[in-house]
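**Q** Here you go, sequence then predicted model.
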Amino acid sequence: MPGPRRWTPLETEFLQDCAVFSVSRAAARSPRGDTHDFFRIDSADWVNVVPLTERGEVVMVRQYRHGLRDVTLEIPGGMIDPGEEPKVAAGRELFEETGYRAAELVAIGATSPNPALFGNRVHTYLATGLERMGEPTNPGNEETVVELVSESELRRIVRSGGVDHALVIAALHFLDLHREAGETPDGAAGVARAPTSGRE
């Protein structure tokens, strides 16, 4: 069976600059020849960081999220600045939000956050060789509180809904895939993977 056919982009109209993203209306022609308007959110690429200590703890942050209007438990991450390489952004966000620096940052995956609306990418890095340099130095109006969570406890928290940010869960899955490929040195068992027996 043939797969879905691509639409033909026609023109894009800028609608609104919302600081961290912009909104535009994009016209496109379907394979059948009819034309429709779609709304698109344009944003810089983002980074997510899975900071893993030698003791098998994930360095996480609690912060208030205005979309959810609640405090969430997440891994460090944020927007890539103009002209900044993803790996550099990962180290910067890790330091700003947690006060930790990493001896090594390894790219373990990238994903589209929501291809129906967004055209950007989220780059995920594993951070190891961590050293606590001080308190978080969040710029602007961010406020993060650092929390060290063991991997076994994090699996329980994810299952119970205590971590429900889709991009965080995707990053933890990338960590499991990275380990399955044998690309990660000694470390505790994968974070997001369900156990194969009744015991953790």
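**A** On my side now, so go ahead.

**Q** which residues touch the residue positioned nearest the centre of the chain?
**A** Nearest to the mean C-alpha position of the chain, counting by C-alpha atoms, centre = their mean, stands N48 at 3.8 Å. Neighbouring residues of N48 by C-beta atoms under 8 Å, 6 or more residues apart in numbering: I75, P76, G77, A90, V122, H123, T124, Y125, L167, V168, A170, A171. Backbone N, C-alpha and C define where each C-beta goes, glycine included.

**Q** tell me the phi and psi of G129?
**A** Dihedral pair for G129: phi 60, psi 50, per degrees, to the nearest 10.

**Q** Tell me if I'm right that it and V106 touch.
**A** No. At 10.7 Å, G129 and V106 do not qualify as touching, with contact defined as C-beta atoms under 8 Å.

**Q** In terms of pLDDT, where does E183 sit?
**A** Per-residue pLDDT puts E183 at 64.

**Q** Number the chain from 343, please
**A** With 343 as the first residue, the last one maps to E525.

**Q** Okay, domains of the chain per the record?
**A** Here the domain parsing of the chain from automatic domain parsing is 350-384, 388-522.

**Q** ok so, going back, could you tell me how far the residue nearest to the centre of the chain is located from T466?
**A** Separation of N390 from T466 (C-beta to C-beta, to the nearest Å) stands at 5 Å.

**Q** what sits in contact with each of these two?
**A** Common neighbours of N390 and T466, using C-beta under 8 Å, 6+ apart, are A512, A513.

**Q** show me what contacts L447?
**A** Contacts of L447 by C-beta under 8 Å, 6+ apart are V391, K429, A432, G433, Y467, L468, A469.

**Q** which residues does the closest residue to it other than its chain neighbours contact?
**A** Excluding the flanking residues, the one nearest L447 by C-beta to C-beta, 6 or more residues apart in numbering is Y467, at 4.8 Å. Applying C-beta under 8 Å, 6+ apart to Y467 gives the contacts V389, N390, V391, V392, P428, K429, A432, L447, V448, A449, I450.
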